[in-house]
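Trainee: Next input, structure requested:
(one chain, ligands or ions: 1)
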Amino acid sequence: MTQGAFTIGIDLGGTTTRMGMFDARMDLLASRSIVTRVAAGPQACVEEMADVVRALLYEQDSSGSGDILGIGIGSPGPINLKTGVLGLLPNLPGWENFHLRDALAEATGFPVILESDANAAAIGEWKFGAGRSTGLDSMAMITLGTGVGSGLILNDRVWHGMCGMAGEIGHATIDPEGPMCGCGTRGCLELYSSANGLVRIAKSVAESSQGTSALLGLMNSGEELTTLKLAMLAEKGNDSAAQLVFQRMGRHLGQGVASLLNTLDLPMVVIGGGVAGAWRLFAPSMFEAVGQYSVVYRLTAPSQFDSCEIHRPFICPAELGASAGLLGAAALPNLSKANSRHQENVELANA
Ligand SMILES: [Zn+2]
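Mentor: Numbering: from 1, shown residues only. Alright, predicted model coming up:
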């Protein structure tokens with residue numbers, strides 16, 4: 001049996017739940033992926049997760065009584081992180097008001113630390129991905145998926161905000177006259193920089209391309225438009241209309257990143273999620289917009305695209321892909337332990 005306290009990470013998604021058991025050095029010992037049976041309800045899914053936890057434990061130690069420090073779980077938001085209760089989740093319909101943290105702790109018998117999936121991914125990139133060798137104590141990760149989310153690490157801690165809702169940069173206003181967003185306002189960042197936003201921009205570019213572009217052909221083919229197809233058309237097909245789609249998307253993302261840098265003067269912003277795979281296509285216009293809209297970025301005179309320097313804001317693509325959420329979740333018990341130790345030291349120093 002491997003020595004030291006294990007942690008278990010759970011990345012709860014709308015279609016798949018990924019689980020992994022890690023040793024004290026955060027090496028992955030065993031993992032499982034299970035289908036998230038959303039319609040079966042949250043309690044049934046929690047019981048399945050508990051079965052997997054027992055199976056993972058048994059693999060390491062046939063007595064099934066391994067030394068577990070705790071379980072970290074990243075869940076789609078919104079979540080009330082103080083009470084551990086889920087809010088109204090678009091990808092997990094019918095799960096609202098469920099006490100996820102308490103139910104999982106009860107089903108497994110282990111302490112559970114709950115985070116939003118965006119925060120868990122930010123922790124993953126900070127500790128084990130793009131931020132790994134930097135020693136930085138603050139950074140943001142923006143995840144470009146179906147929507148746009150973000151996680152903020154400030155002074156070695158996840159910033160939750162007053163109600164646990166910090167990091168909703170996807171709903172930062174880019175254009176007050178823009179299209180309606182599901183949040184009830186207009187022109188939010190995620191309407192321009194998510195996978196759905198990219199498709200929306202593609203439609204508008206294709207409509208104005210006057211029947212000459214391959215993009216219009218793709219739109220009219222009846223095939224589902226995806227980030228990958230658009231990227232192939234822009235990169236391999238060298239289609240200027242498809243390239244314009246990524247330039248516009250990058251420009252709007254740059255506006256969002258600029259607001260973040262102006263507000264927080266962060267040393268690192270990591271861009272992740274499926275859309276970030278098209279980094280080469282949108283990064284130049286993103287950097288241009290960051291320079292245009294962020295005085296903080298301009299004043300700190302960044303000179304680089306691909307190396308992290310002290311006292312310069314560094315904007316880079318994520319490194320871990322889909323593993324960031326699982327790694328970040330598994331790191332939660334250790335982070336929580338370190339934070340409570342830090343708090344005890346502060347209290348002792350102040351006593
Ligand atoms: Zn919105």
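
Trainee: From now on I want contacts and neighbour counts done on CA atoms only, so please keep to that.
Mentor: Fine.

Trainee: Wait, a helix at I73?
Mentor: No: per DSSP: H, G, I helix; E, B strand; the rest coil, I73 lies outside any helix segment and is strand.

Trainee: ok, now how distant is G250 from the ion?
Mentor: 18 Å (Cα to the ion, to the nearest Å).

Trainee: My reading is that that residue lies in a helix. Confirm?
Mentor: Yes: with three-state DSSP as the criterion, G250 is part of a helix.

Trainee: wait, what's in contact with it?
Mentor: Contact analysis of G250 by Cα atoms under 8 Å, 6 or more residues apart in numbering lists S193, F282, A283, P284, S285, M286.

Trainee: now, which of those residues lie within helices?
Mentor: Among the contacts of G250, the ones falling in helices (DSSP state H) are S193, F282, A283, P284, S285, M286.

Trainee: Out of these, which two sit at the greatest distance?
Mentor: Of all pairs drawn from these, the one with the longest distance (Cα to Cα) is S193 and P284, at 14.5 Å.

Trainee: More neighbours: those two, which one.
Mentor: Ranked by neighbour count (other Cα atoms under 10 Å), S193 and P284 place S193 first, with 32 against 17.

Trainee: Look up how far A166 lies from that one.
Mentor: Separation of S193 from A166 (Cα to Cα, to the nearest Å) stands at 19 Å.

Trainee: How about T17?
Mentor: 24 Å.

Trainee: same deal with A324?
Mentor: Per Cα to Cα, A324 is found 19 Å from A166.

Trainee: out of those two, which sits in the busier spot?
Mentor: Legend: neighbour count by other Cα under 10 Å for A324 and A166, higher for A324 (28 against 16).

Trainee: ok, the residue in the stretch 201-350 of the chain positioned nearest to the ion - contacts?
Mentor: Across the stretch 201-350 of the chain, no residue is closer to the ion than G256, which sits at 12.8 Å (Cα to the ion). G256 is in contact with I169, A172, I174, L189, counting by Cα under 8 Å, 6+ apart.

Trainee: From those, list the buried ones, please.
Mentor: Buried members of the contacts of G256, counted by 16 or more other Cα atoms under 10 Å: I169, A172, I174, L189.

Trainee: what about the strands in the stretch 101-250 of the chain?
Mentor: 112-116, 139-144, 148-154, 157-158 (DSSP state E, counting those that start in this stretch).

Trainee: Is it possible to get CSV of those that adds distance to L29 and mean neighbour count?
Mentor: Below are those laid out as CSV (distance: least, Cα to Cα, whole Å; neighbours: other Cα atoms under 10 Å):
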stretch, distance to L29, mean neighbour count
strand 112-116, 19, 26
strand 139-144, 26, 28
strand 148-154, 27, 24
strand 157-158, 26, 17
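
Trainee: Figure out which of these is closest to the ion.
Mentor: Evaluated over the strands of the stretch 101-250 of the chain, closeness to the ion peaks at strand 148-154, with 9.6 Å, by Cα to the ion.

Trainee: In PDB, list the C-alpha atoms belonging to that closest one.
Mentor: Extracted in PDB, the C-alpha atoms of strand 148-154 (Å, rounded to 0.1, in the frame of the first residue of the first chain):
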ATOM      1  CA  VAL A 148     -17.500  31.400 -20.100                       C
ATOM      2  CA  GLY A 149     -16.500  30.900 -16.500                       C
ATOM      3  CA  SER A 150     -13.600  31.900 -14.400                       C
ATOM      4  CA  GLY A 151     -11.800  31.000 -11.100                       C
ATOM      5  CA  LEU A 152      -9.800  33.600  -9.100                       C
ATOM      6  CA  ILE A 153      -6.800  32.700  -6.900                       C
ATOM      7  CA  LEU A 154      -5.900  35.700  -4.800                       C
END
